[in-house]
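Asks: Here is a sequence together with a model predicted from it:
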Amino acid sequence: MKYRALRRPKVVLVPYPAQGHVTPMVQMALALRCQGFDPVIVIPDFIHRRILSSSRLQQLQDDHGIVFMSIPSGLDKNEPLNFFTIGFAMESNMPLHLEHIICRLSNGSDKEDGVVACVIVDLVASWAIEVANRCGVHVAGFWPAMLATYHLITSIPDMIKVGLIDDFGIPQHQGTGCFMPSQTLLTTADLPWLVGNSASQKSRFSFWIRILDRLRALRWLLVNSFPEGYDSQKHKYHLIKGTQDYPHIFLIGPLTRHSGNKNLSFWEEDRSCLNWLHEQKTGSVIYVSFGSWVGPIGEEKINELALGLEATRRPFIWVVAPTWRKGLPMGYLERIAKQGSKLVSWAPQKELLQHEAIGCYLTHCGWNSTMEAIQCGRRLLCYPVSGDQFVNCKYIVKVWGIGVEMHGDGRRDVEDGVRRVMEEGEEMQQRILEWKERVLGEKGSSGAAATLTAFVDDLKRSII
């Protein structure tokens, strides 16, 4: 059956099961819906249980035609969810269930029901690439982060070859050594698998090696990013390019422009913080959030961060999950309430960042948060914790000039960082508005839309 004969062909989307990965997949689904597809997002049961009663889930399904399908993860309800337990579930328990879904959708006999034109797989959920190939369905990869991080991962063979890392991903050169003589931006400290102890780092490195092996089978890679760097007489930033035959890359980001405020939250949002913001002066509030996937940074650092925010004597709103609150000083909640600040467990971040009262955003530099900050024109105080956040931070500070990095993690560092962003950030504010227009303005949006259309056209040509 040729593509033109299909009635609303389906696209199955498989995100990595974490908030920061599901969110851009929802945004991708909204964009593909506008391209004539019926999107089906496949998520494991432990996520589906969390969002089942969400009004936004109903809106996405009823008003926007996006279907969410749950598959068994094999994880016990009481089992802790972390990188390793989720990885085991993805590799061992989910493939067979996804295969059944794809085959059932592909073999639909209803003339009103289009077959599966493509499966789009988050590379961090690379197990689904092999499933789609077994089902004989076209498969495209999806990279939810910035292109620079993708190039960093695909340059692993080069890093091993020149001796920057060993075969287990452990850096062989410490300090300020760069990846290559022409690379002046990233160091071995920025490698995204360097999390936890030595065993954890090696396990995470094996995870990325497995992804590298699987992505070689892809024809297309959709990247939630835009042309990120610049060249000038003073600065020339380059990333190592891998020598392998990798997929055709389509820069379709940032996808934040498709979502409005329709992001699907795994947790109940405390919307009272918006009423609190209405009472604050324009540009006076520090917003603090470390996203949904970053584990607690330790009680001592939480204590220092808390005391530093209090010492700024500025109003702040801090998203602090219950697992983080052990490090808060005695009587802290009462003191900051009197000061006029607020702690919440979860917040409607994009709506909050759009509020005129927000003056700066103290962030872990997750990619979604970075894009939302640019979209809302907010300066950034950077506190990267793990993964790709260190790469994002380097671009925020050294390439785009829209934020500053904290010099350390003590209370004085917090005070100094806030002062630099809030009191010395006029040029920074101008740059972030320029980047907002460059990335999300008419020219940027039309370019990303044209790129997505180019992918869809290529997909159509491949279907016979």
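Replies: Perfect, thanks for sending it.

Asks: So the nearest residue to residue 389 once chain neighbours are set aside versus residue 48, what's the distance?
Replies: The spatially closest residue to residue 389, leaving aside those adjacent along the chain, is residue 365, at 4.2 Å (C-beta to C-beta, 6 or more residues apart in numbering). Any C-beta I mention is one placed from the backbone N, CA and C, and that applies to glycine too. When C-beta to C-beta, to the nearest Å is applied, the distance between residue 365 and residue 48 equals 29 Å.

Asks: Which of these two has more residues huddled nearby?
Replies: When neighbours are counted by other C-beta atoms under 10 Å, residue 365 and residue 48 differ, and residue 365 comes out ahead with 28 against 17.

Asks: Now for the more buried one: which residues touch it?
Replies: If a contact means C-beta atoms under 8 Å, 6 or more residues apart in numbering, then residue 365 has 380, 382-384, 389-390, 392-393, 396 as its contacts.

Asks: quick one, what contacts residue 394?
Replies: Contacts for residue 394 were tallied using C-beta under 8 Å, 6+ apart; they are 185-186, 190.

Asks: what about residue 286, neighbour count?
Replies: By the other C-beta under 10 Å criterion, the neighbourhood of residue 286 contains 23 residues.

Asks: which residue sits closest to it, ignoring its sequence neighbours?
Replies: Residue nearest to residue 286 in three dimensions, not counting chain neighbours: residue 316, with 3.9 Å by C-beta to C-beta, 6+ apart.

Asks: Please apply the same query to residue 255.
Replies: Nearest residue to residue 255, sequence neighbours excluded (C-beta to C-beta, 6+ apart): residue 27, at 3.7 Å.

Asks: For the chain, which segments count as strands?
Replies: 10-14, 38-44, 67-71, 116-122, 139-143, 220-223, 248-251, 285-289, 316-319, 342-344, 358-363, 380-382, 403-405 (DSSP state E).

Asks: mind putting those in a markdown table, mean pLDDT included?
Replies: Shown next, in a markdown table, are the strands of the chain (pLDDT from 0 to 100):
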| stretch | mean pLDDT |
| --- | --- |
| strand 10-14 | 96 |
| strand 38-44 | 94 |
| strand 67-71 | 92 |
| strand 116-122 | 96 |
| strand 139-143 | 97 |
| strand 220-223 | 96 |
| strand 248-251 | 92 |
| strand 285-289 | 95 |
| strand 316-319 | 94 |
| strand 342-344 | 92 |
| strand 358-363 | 95 |
| strand 380-382 | 96 |
| strand 403-405 | 95 |
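
Asks: Can I get these in TSV including distance to residue 88?
Replies: Compiled in TSV, these are given as follows (distance: least, C-beta to C-beta, whole Å):
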stretch	distance to residue 88
strand 10-14	17
strand 38-44	12
strand 67-71	15
strand 116-122	17
strand 139-143	22
strand 220-223	26
strand 248-251	30
strand 285-289	29
strand 316-319	29
strand 342-344	33
strand 358-363	30
strand 380-382	33
strand 403-405	35
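
Asks: between the ones you listed, which gets nearest to residue 330?
Replies: Go through the strands of the chain one by one with C-beta to C-beta and the one that ends up closest to residue 330 is strand 342-344, at 14.8 Å.

Asks: strand partners of that closest one, parallel vs antiparallel please.
Replies: Sheet pairing for strand 342-344, assigned by DSSP bridges, gives strand 316-319 (parallel).

Asks: Let me know the distance separating the residue nearest to residue 255 from residue 62.
Replies: Following C-beta to C-beta, the distance that separates residue 27 from residue 62 is 18 Å.

Asks: Could you do residue 185 as well?
Replies: To residue 62, residue 185 is 45 Å away according to C-beta to C-beta.

Asks: between the two, which one's more packed in?
Replies: Here residue 185 and residue 62 are set side by side on neighbour count (other C-beta under 10 Å), and the busier one is residue 185, at 19 against 9.

Asks: Would you agree the more buried one is in contact with residue 397?
Replies: No: because the distance of 10.2 Å does not satisfy C-beta atoms under 8 Å, residue 185 is recorded as not touching residue 397.

Asks: in terms of contact, does residue 283 touch residue 358 like I think?
Replies: Yes: here residue 283 reaches residue 358: they are 7.5 Å apart, a contact under C-beta under 8 Å.

Asks: Of those two, give the one with the bigger neighbour count.
Replies: Ranked by neighbour count (other C-beta under 10 Å), residue 283 and residue 358 place residue 358 first, with 23 against 15.

Asks: what sits against residue 344?
Replies: Residue 344 sits next to 270, 272-273, 317-320 when contact means C-beta under 8 Å, 6+ apart.

Asks: Just the buried subset of the residues you listed, written out for PyMOL, thanks.
Replies: With 16 or more other C-beta atoms under 10 Å as the criterion, this PyMOL line picks the buried residues out of the contacts of residue 344:
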select buried, resi 270+273+317+318+319+320
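
Asks: That'll do, ta.
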